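Peer 1: Structure for the following, please:
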Amino acid sequence: MNQLSRRSFLALSAAATGAVLAPSGLAEEGDRPAGHPERYPDPRIVVLDERFTPYKLLNAGIQRLWTGAAWAEGCAWNAGGRYLVWSDIPNNRQLRRLDEDGHVSVFRNPSNNTNGSTFDFEGRLVSCEHDTRRVVRFEHSGTISILADRWNGKPLNAPNDIVVHPDGAIWFTDPGYGIMGSYEGHKAKFELKEAIYRIDDKSGKMELVTDEGYKPNGLCFSPDYKKLYVADTGGPYPRGIDVYDVAGAKLSNRRRFCSMEMKGKFGASDGIRVDTDGNLWSAAGWVGDGYDGVHIFAPDGQRIGMILLPEVCANLCFGGEKRNRLFMAASQSIYAVYVGTEGAHIT
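Peer 2: Just a heads-up that it's a prediction; the model follows:
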């Protein structure tokens, strides 16, 4: 703000807002002539409400870090190792990008068509596997612990997204996309209603916390862990994100937090995360230019900003040394942008 007057800044924000539902214009690596600069502030970071203004950095733009996936998903940041992990579900692998030099390598292959992952409070990777229909944890010893694969004697559908709570519990969704065909797992019969489960860290006991909704997908806690947000990617339009009150292992008072409808366009949310101010950052897509990317919602559920990408965004996480870098897994690529806030949780 010390480089631009308030009036000039708002004019730039208004110009960026005009990009909504217009082509994103994000160039891919190698597309631009040598030496062609990007202009700041990045017009693909769109301010819809002044509440988003502090989060758009004037001198930070969207970067495409890597491409080459069939369907990129499940990104998670390891703070101790300073690396990003993500899934390439159809290619049955997980990849890793080292923060120090940008080196990308295969982290796990085969990965059992892993989708969502996170790191727990001990730095262990916890993942949802489509093909084996289970939730696993990678121990420091190198062994793999199977945390969940059945409920009431029946196999899970295909665990999808996962978060951890400070009490050690692991919460995950089971919408079953990995058994709807052979592209992201294998085709199998649904034996359970789509649901959200909780695994107690101490006893290992699993509980079904809710089977409301259609296809519970992405999930995250509020900064104080008193609310659970859930993206429902099934059922009739308009699809959106629901929120529950959390009391220990119980959920209550389900209500609609926001709709993903925008100007008559009906898209969907997938992976979601919150920042330290309680704003919700949602991967979004399936509409096209001017919609696909990331939608940001204030704590009251109002859409206040967008990050436009040329690919459907499936998942995201905060990371980097100060947890102020947003990583986005979008179709075939990984994107990143520095923002004026920090992720509320460890990954």
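Peer 1: quick one: strands adjacent to the biggest strand by length in the chain?
Peer 2: Using DSSP state E, we find that the single longest strand of the chain is strand 250-259. If you go by DSSP bridges, strand 250-259 pairs up with strand 240-247 (antiparallel).
Peer 1: The chain: helices as residue ranges?
Peer 2: 6-17 (DSSP state H).
Peer 1: Can you pull out the low-pLDDT segments for it?
Peer 2: Along the chain, the model assigns pLDDT under 70 to residues 1-36.
Peer 1: measure stretch 166-173 end to end?
Peer 2: 18 Å (CA to CA, to the nearest Å).
Peer 1: Same check on stretch 162-178?
Peer 2: For stretch 162-178, the first-to-last residue distance is 15 Å (CA to CA).
Peer 1: For it, buried residues please.
Peer 2: 162-165, 169-178 (16 or more other CB atoms under 10 Å). The way it works is simple: take the backbone N, C-alpha and C, and place the C-beta from them, glycine included.
Peer 1: before we move on, what about stretch 193-206?
Peer 2: Neighbour-count burial for stretch 193-206 flags 194, 195, 196, 197, 198, 199, 201, 206 (criterion: 16+ other CB under 10 Å).
Peer 1: can you give me how far that stretch is from the chain middle?
Peer 2: Chain-centre distance of stretch 193-206: 21 Å, with CA atoms, centre = their mean, to the nearest Å.
Peer 1: Could you work out the end-to-end span of it for me?
Peer 2: 16 Å.
Peer 1: re earlier: could you tell me which residues within the longest strand of the chain count as buried?
Peer 2: Buried residues in strand 250-259 (16+ other CB under 10 Å): 251, 257, 258, 259.
Peer 1: will you turn these into JSON lines that also has distance to residue 92?
Peer 2: Output for those, formatted as JSON lines (distance: CB to CB, whole Å):
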{"residue": "251", "distance to residue 92": "33"}
{"residue": "257", "distance to residue 92": "34"}
{"residue": "258", "distance to residue 92": "34"}
{"residue": "259", "distance to residue 92": "35"}
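Peer 1: Apart from its chain neighbours, what residue comes closest to residue 58?
Peer 2: residue 41 (4.6 Å; CB to CB, 6 or more residues apart in numbering).
Peer 1: in terms of contact, does residue 313 touch residue 327 like I think?
Peer 2: No: applying CB atoms under 8 Å as the test, residue 313 and residue 327 come out as separate, 10.7 Å apart.
Peer 1: hmm, which two among the buried residues of stretch 193-206 are most spread apart?
Peer 2: Largest separation among the buried residues of stretch 193-206 by CB to CB: 194 and 201, giving 24.0 Å.
Peer 1: contacting residues for residue 277?
Peer 2: By CB atoms under 8 Å, 6 or more residues apart in numbering, residue 277 lies in contact with 223, 299, 341.
Peer 1: Correction: the previous question concerned residue 346.
Peer 2: Applying CB under 8 Å, 6+ apart, the residues near residue 346 are 79, 119, 121, 164.
Peer 1: again with residue 336
Peer 2: 62, 63, 65, 325, 326, 327, 328.
Peer 1: ok, of those residues, which one's closest to residue 185?
Peer 2: Looking across the contacts of residue 336 and measuring by CB to CB, the closest to residue 185 is residue 328, at 23.2 Å.
Peer 1: Pull up the distance across stretch 296-305, start to finish.
Peer 2: Terminal-residue distance, stretch 296-305 (CA to CA): 5 Å.
Peer 1: got the contact list for it?
Peer 2: Looking at what lies outside stretch 296-305 - CB under 8 Å, 6+ apart - the contacts are 45-49, 51-52, 55-56, 241, 256-258, 262, 277-282, 295, 306-307.
Peer 1: I figured residue 136 was touching residue 130, is that so?
Peer 2: No: the pair residue 136 and residue 130 fails to qualify as a contact (CB under 8 Å) at a distance of 11.8 Å.
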